[in-house]
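Enquirer: Structural data only, the sequence is not supplied:
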């Protein structure tokens, strides 16, 4: 199966949203202004290629070394974001 931009984008959005929830479900729910708000916010960031806040959050988790699994997943997500940005750049040319 060949993935197009939308599919890559949707998978990245879902992965980031799920990760943020798993790291701190209480904070995630506290920030939920309306059902689906957090995912909508992540979607907007990804569509506008605004990853600085997400990268800062992931780097904070890595630096604090909270949990081995969370750190591993944060590093993996940073790689996924980089790959997505490169993919998007190639597609926009």
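Expert: That came in fine, so what should we check first? This one's a predicted model, so the numbers in the text were calculated from it and none came from an experiment. Residues are numbered from 1 along each chain as shown.

Enquirer: Let me see the contact set for residue 55.
Expert: Going by C-beta atoms under 8 Å, 6 or more residues apart in numbering, residue 55 touches 78, 81. Using the backbone N, CA and C atoms, a C-beta is placed for each residue, glycine as well.

Enquirer: low pLDDT regions in the protein?
Expert: Within the chain, the segments meeting pLDDT under 70 span 1-6, 93.

Enquirer: Nearest the middle, which residue of it would you pick?
Expert: Closest residue to the average C-alpha location of the chain: residue 16 at 2.9 Å, with C-alpha atoms, centre = their mean.

Enquirer: Now do whichever strand or helix holds that one: everything it contacts.
Expert: Residue 16 is part of helix 5-23 when elements are defined by DSSP states H and E. Where contact means C-beta under 8 Å, 6+ apart, the residues beyond helix 5-23 that reach it are 3, 28, 38-39, 42-43, 46-47, 54, 57, 61, 66, 70, 73-74, 77, 80-81, 84, 87-88, 91.

Enquirer: cutoff 7 Å now
Expert: The contact list for helix 5-23 (C-beta atoms under 7 Å, 6 or more residues apart in numbering) reads 28, 38-39, 42-43, 46, 54, 61, 70, 73, 77, 80, 84, 87, 91.

Enquirer: Buried ones among those residues?
Expert: By neighbour count, with 16 or more other C-beta atoms under 10 Å, the contacts of helix 5-23 hold 38, 39, 42, 43, 46, 54, 61, 70, 73, 77, 84 as buried.

Enquirer: Farthest-apart pair in these, please.
Expert: Across those, the longest distance by C-beta to C-beta is 22.4 Å; it joins 43 and 70.

Enquirer: ok, and for the longest helix along the chain, which residues are buried?
Expert: Longest helix of the chain, by residue count under DSSP state H: helix 68-92. Within helix 68-92, the residues that count as buried by 16+ other C-beta under 10 Å are 70, 71, 73, 74, 77, 78, 81, 84.
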